[in-house]
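A.B. asks: Pasting the sequence and the predicted model now:
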Amino acid sequence: MNFELSEDDKAFADAVARFARDKLAKGAVERAHSPEYPWEAARMIAEQGLLGIAFPVEDGGQGGTLMHAVLAIQEVAAVCPRSADIVQAGNFGPIRTFVEYATPEQKKRYLPDLLGGRSVISLGMTEPEAGSAVTELRTTAEIRGDEVVINGGKIFSTHSSDASLFLIYVRFGPGVDGIGSVLIERGAPGFTVGKPGRFMNGEQWSPLYFENARIPVSNILLGPGGFKKQIAGFNVERLGNASRSLALGRHAFNLAREHALTRRQFGRPLCEFQGLQWKFADMWMRLEQAQLLLYRAALEGERGLPSAQSTAMAKLACNEAGWFAANEALQVLGGTGFSQDSLAEYCVRRIRGWMIAGGSLEMLRNRIAEGVFGRSFPQRPPKAT
Ligand SMILES: Cc1cc2nc3c(=O)[nH]c(=O)nc-3n(C[C@H](O)[C@H](O)[C@H](O)COP(=O)(O)OP(=O)(O)OC[C@H]3O[C@@H](n4cnc5c(N)ncnc54)[C@H](O)[C@@H]3O)c2cc1C
């Protein structure tokens, strides 16, 4: 067992850190407070080869590893937390499920712009009546000749206000086996992107409406029975969520550490107060613990898709450690940390959302408990006999 990064991983992380310092440091605070997708940063990140890092070269990817993609998020977030969303969107989000299952024609049509930082894809899974219980989704897809007709709606989709392509979970028929997914372009007939709303973290999201929306059958990603495959792809997305949570926790931690070394009260630097030293000890320990679970899951992903169990543990640990560290860091920074001139408050707000998105803390615990007992625990009430 070796707890060190390999030489290749270290060299990759160093190169990304240099790029982030050179190109992304300027404007980091402004980017964090802008609701729009940071397109300019996206193009620089694409040019640096940080989109599609672990995707096959023949798909336009970089042929790297999942660990490289995790390291890229970490190094970018250390300098510009908002830009880590771009690395997420180009490596871990719905794009990952897309690359796994899309046809060569679908890849040819959409990947060049997605990997070039010129467009972004949004995932539509959640509906008003289907949140944690995602298999209760009601949006229907009916194949009529060479078209698919879609009716229903989605809420809370990340990047929905900016995306030009949407990966939408739909119901072709009853039950879990009836679930699949389709690709819908903005502007498709019968598809409306509603007025943007705002999350507490500052992100915009737009409700999506499908009223007899029509797409060609060639835009089906996974037909009926595709749900399990989609969720396997979604496990990778969880690692992106976990990486950003941890990275933003570290970003806030670093700000607080610097502050504690330089800010003086009562005639001494803050770091000399034991009450604050203990906060730093706890923050650091929790960040390091979560880091190990994240790396373990990422390494598993190099031998195929990482397991649901490992990703659930990594995400839970990173969400909680990142949140704890960012929140404590804000406290150490005092009024400065609470001010929007500092990125600490931004890190707190962003990590808070990831404790709900991509599998809430409670759903992750349910998943982990199934692993503990080696059996499933259906969450629905038993059927009346
Ligand atoms: C920042 C952010 C980004 C998001 N991005 C996307 C996106 O890109 N695409 C998309 O489709 N959706 C997205 N979502 C939606 C997200 O997936 C849902 O919010 C999430 O699945 C929870 O569903 P819900 O909000 O309906 O809560 P509910 O499912 O109603 O849950 C409410 C509470 O009850 C708990 N709970 C529910 N069931 C159980 C159970 N069986 N055991 C224990 N506790 C339970 C939950 O953990 C939660 O605390 C995003 C959400 C956020 C906050």
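C.D. replies: That came through, no problem. Numbering: from 1, shown residues only.
A.B. asks: Neighbours of V76, how many?
C.D. replies: 29 (other Cβ atoms under 10 Å). The way it works is simple: take the backbone N, C-alpha and C, and place the C-beta from them, glycine included.
A.B. asks: C-terminal to whichever strand or helix holds it, what's the next element?
C.D. replies: Applying DSSP states H and E as the criterion places V76 in helix 66-79. Once helix 66-79 ends, the next helix or strand along the chain (criterion: DSSP H and E) is helix 84-89.
A.B. asks: Which pLDDT does the model give whatever residue of the stretch 101-250 of the chain ends up closest to the ligand?
C.D. replies: Proximity of the stretch 101-250 of the chain to the ligand (Cβ to the nearest ligand atom) peaks at G131, 1.8 Å away. In this model, G131 is scored at 97, pLDDT.
A.B. asks: just G93 next, same as before
C.D. replies: 89.
A.B. asks: That one against L114, yeah?
C.D. replies: No: proximity of G93 to L114 does not meet the contact threshold set by Cβ atoms under 8 Å, at 10.0 Å.
A.B. asks: shared neighbours, these two?
C.D. replies: I121 (Cβ atoms under 8 Å, 6 or more residues apart in numbering).
A.B. asks: before we move on, back to that, what's around the residue of the stretch 101-250 of the chain closest to the ligand, how many residues?
C.D. replies: Neighbours around G131, by other Cβ under 10 Å: 16.
A.B. asks: Output the set of residues of the stretch 251-385 of the chain in proximity to the ligand.
C.D. replies: G353, I356, A357, S360, E362, M363, N366, Q379 (Cβ under 6 Å from any ligand atom).
A.B. asks: Filter the residues you listed down to the buried ones and express that as a PyMOL selection.
C.D. replies: To isolate the buried ones among these in PyMOL, judged by 16 or more other Cβ atoms under 10 Å, type:
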select buried, resi 353+356+357+360+363+366
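A.B. asks: Now, the residues of the stretch 251-385 of the chain next to the ligand that are in helices?
C.D. replies: In helices, defined here by DSSP state H, the members of those are G353, E362, M363, N366.
A.B. asks: Let me have these in CSV, extended by pLDDT and distance to F338.
C.D. replies: What follows is those, written out as CSV (pLDDT from 0 to 100; distance: Cβ to Cβ, whole Å):
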residue, pLDDT, distance to F338
G353, 98, 18
E362, 98, 28
M363, 97, 31
N366, 97, 34
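A.B. asks: Dump those residues into TSV; add distance to S181 as well.
C.D. replies: Formatted as TSV, these follow (distance: Cβ to Cβ, whole Å):
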residue	distance to S181
G353	23
E362	25
M363	20
N366	23
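A.B. asks: quick one: the strands in the stretch 1-150 of the chain?
C.D. replies: Ranges of strands in the stretch 1-150 of the chain, per DSSP state E, counting those that start in this stretch, are 121-124, 140-144, 147-154.
A.B. asks: any idea how far P174 lies from T135?
C.D. replies: 11 Å (Cβ to Cβ, to the nearest Å).
A.B. asks: who has more neighbours, the two?
C.D. replies: When P174 and T135 are compared for neighbours, T135 comes out ahead with 14 against 9, by other Cβ under 10 Å.
A.B. asks: Could you double-check that that one lies in contact with F227?
C.D. replies: Yes: if you go by Cβ under 8 Å, T135 and F227 touch, sitting 7.0 Å apart.
A.B. asks: Pull up the overlap in contacts between the two.
C.D. replies: Residues touching both T135 and F227 by Cβ under 8 Å, 6+ apart: V176, I179.
A.B. asks: per-residue confidence at the spatially most central residue of the chain?
C.D. replies: The centre of the chain sits closest to N241, judged by Cα atoms, centre = their mean, with a distance of 3.7 Å. In this model, N241 is scored at 96, pLDDT.
A.B. asks: what does the stretch 101-250 of the chain put close to the ligand?
C.D. replies: Taking Cβ under 6 Å from any ligand atom as the measure of proximity, the stretch 101-250 of the chain contacts the ligand at L123, G124, M125, T126, G131, S132, F156, S157, T158, F199.
A.B. asks: Throw together a ChimeraX command that grabs the buried residues out of those.
C.D. replies: Buried members of those, defined by 16+ other Cβ under 10 Å, are picked up in ChimeraX with:
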select :123,124,125,126,131,156,157,158,199
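A.B. asks: Make CSV out of the residues of the stretch 101-250 of the chain next to the ligand and add distance to R349.
C.D. replies: Compiled in CSV, these are given as follows (distance: Cβ to Cβ, whole Å):
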residue, distance to R349
L123, 21
G124, 23
M125, 22
T126, 20
G131, 20
S132, 22
F156, 16
S157, 19
T158, 14
F199, 8
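A.B. asks: So which of the residues of the stretch 101-250 of the chain next to the ligand belong to helices?
C.D. replies: Among those, no member falls in helices (DSSP H).
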